[in-house]
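Novice: mind looking at a prediction? Sequence and model below.
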Amino acid sequence: MIDSVPAGVTTYRILLRDLVVLASIGVHDHEHRQPQSVRINVDLTVHHPGPGFRDEIAAVLSYEGLVDGIRRLARAGHIKLIETLAERIADLCLMDERVLGAEIQVEKLEVFPDAASVGVVMSRRR
């Protein structure tokens with residue numbers, strides 16, 4: 001995802017795939033009345049300071065914290081646009097200074113009966 005990582009810098013990727021949360025999201029009246037299923041995918045490029053990994057959770061970015069944060073965002077009140085939710089997730093990810101870049105995909109799963117989903121993909125870099 002990050003095209004220009006300097007030589008000698010170690011990065012790794014954290015992937016979160018197909019997290020489905022209920023969110024109050026949308027611009028239409030019926031979307032204000034009932035939460036709907038939203039699928040979220042996250043791809044983070046993370047800087048790792050130093051050679052090798054210590055086998056300790058403190059040495060890496062915790063995907064558990066990422067999932068908990070996304071769940072909190074989804075429950076935090078009504079959001080009109082999926083772009084807004086994607087941006088808030090990107091902001092959450094970039095709060096950790098080790099994150100060099102984030103690609104966030106947010107899809108609403110219940111919009112059209114003849115489509116699996118509609119959504120956006122947002123990329124942000126430090």
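Specialist: Arrived safely, thanks for sending. Residues are numbered from 1 along each chain as shown.
Novice: low pLDDT regions in the protein?
Specialist: 1-8, 51 (pLDDT under 70).
Novice: ranges for the helices of it?
Specialist: Secondary structure of the chain (DSSP state H): helices located at 29-33, 63-75, 82-94.
Novice: pick the most buried one from the ones you listed.
Specialist: With neighbours taken as mean count of other Cβ atoms under 10 Å, the helices of the chain reach their highest mean count in helix 82-94, at a mean of 19. To be clear about C-beta, it is placed using only N, CA and C from the backbone, and glycine gets the same treatment.
Novice: which residues does it contact?
Specialist: By Cβ atoms under 8 Å, 6 or more residues apart in numbering, the surrounding residues in contact with helix 82-94 are 23, 25, 38, 40, 42, 44, 66, 69-70, 73-74, 79, 99, 102, 104-108, 119-122, 124, 126.
Novice: give me the buried entries from the residues you listed.
Specialist: In terms of neighbour count (16 or more other Cβ atoms under 10 Å), the buried residues within these are 23, 25, 38, 40, 42, 44, 66, 70, 73-74, 79, 99, 102, 104-108, 119-120, 122, 124.
Novice: which one of the helices of the chain lies nearest to residue 53?
Specialist: Ranking the helices of the chain by their distance to residue 53 (criterion: Cβ to Cβ) puts helix 63-75 first, at 14.6 Å.
Novice: how much space between residue 42 and residue 58?
Specialist: Per Cβ to Cβ, to the nearest Å, residue 42 is found 21 Å from residue 58.
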